[in-house]
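Colleague: sequence first, then the predicted structure:
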Amino acid sequence: MAAQGGVGYKTHITVAFLGLVGVLGSALIANWDKLAGRSVVQAAARARQSSPAAPAVSPAPRRAERAPAAVATPAPRPRATPLPASLDGTWRDLSLGTVLRVAQEDDEFTFTAHHPDFESNGHGSMEGRSFESRYTNRYRNGMVSTGGCAGTLSTDGRRTMSTCRDSLYGSWSSTAVR
């Protein structure tokens, strides 16, 4: 019996069935590569390879068959080139408290030293971490002395150790820090 004035149950079943067929058909088409399996993909690849006119193209891998992403191996870091030894900057003599200001260009340097009793000016040169210098001291009492030092710069570049010889005061050792 048909319902009066409305759509019958057969129409509802037909519409539902057509909707189900549409959804299943869409799912089948969207997942055909997964449902077909390797045999279809491999057969297509063999057919392309055996055909002389067709270029050899390998099929795109299925999602599950993709090779793992290559792990990037970092390139070896270049060895840090050691900075050339430098006396450039401000130093303080630990024994006398003298403050030295050094300006270095390449392996040559100039310096000034300030102390309550004297001021010095000098110049020198570096070879590796070793240095030699010549200076002139002008004392507050009017006296003048000249001298020279030979020393080394520590590997961390923060300390010098030197032996000096002065025309007025003789020999002494000195340690200075940045």
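Modeller: In hand now; what should we look at?
Colleague: walk me through the domains of this protein.
Modeller: 9-65, 89-177 (automatic domain parsing).
Colleague: worst mean pLDDT among the ones you listed?
Modeller: Lowest mean pLDDT of these: domain 9-65, a mean of 56.
Colleague: residue 105 and residue 87: what is the separation?
Modeller: 11 Å (CB to CB, to the nearest Å). The C-beta positions use only the backbone N, C-alpha and C, and glycine is treated the same way.
Colleague: mind checking which of these two has more residues around it?
Modeller: Higher neighbour count among residue 105 and residue 87: residue 87, with 22 against 9, using other CB atoms under 10 Å.
Colleague: A helix includes the more buried one, no?
Modeller: No. Going by DSSP: H, G, I helix; E, B strand; the rest coil, the assignment for residue 87 is coil, not a helix.
Colleague: how about it: what's its closest non-neighbour residue?
Modeller: Spatial nearest neighbour of residue 87, excluding adjacent residues (CB to CB, 6 or more residues apart in numbering): residue 102 at 4.5 Å.
Colleague: also residue 150?
Modeller: Residue 150's closest residue in space is residue 132 (CB to CB, 6+ apart), at 5.0 Å.
Colleague: check which helices and strands the strand or helix carrying the one you found is in contact with.
Modeller: Assigned by DSSP states H and E, residue 132 belongs to strand 130-139. Under the contact definition 3 or more CB pairs under 8 Å, 6 or more residues apart in numbering; DSSP states H and E, strand 130-139 sits against strand 108-114, strand 118-127, strand 144-153, strand 159-166.
Colleague: mind listing the strands the first one pairs with, and their directions?
Modeller: What that stands for is strand 108-114. strand 99-105 (antiparallel), strand 118-127 (antiparallel) (DSSP bridges).
Colleague: okay, the angle between that strand and strand 130-139?
Modeller: 40 degrees (axes from the mean of the first three to the mean of the last three CA atoms, to 10 degrees).
Colleague: can I get strand 108-114 as CSV, trimmed to CA atoms?
Modeller: Only the C-alpha atoms of strand 108-114 are listed here, as CSV (Å, rounded to 0.1, in the frame of the first residue of the first chain):
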residue,chain,number,x,y,z
GLU,A,108,103.8,44.6,15.3
PHE,A,109,102.5,46.5,18.3
THR,A,110,102.8,49.8,20.2
PHE,A,111,101.9,50.4,23.8
THR,A,112,101.7,53.0,26.5
ALA,A,113,101.9,52.3,30.2
HIS,A,114,100.6,54.4,33.1
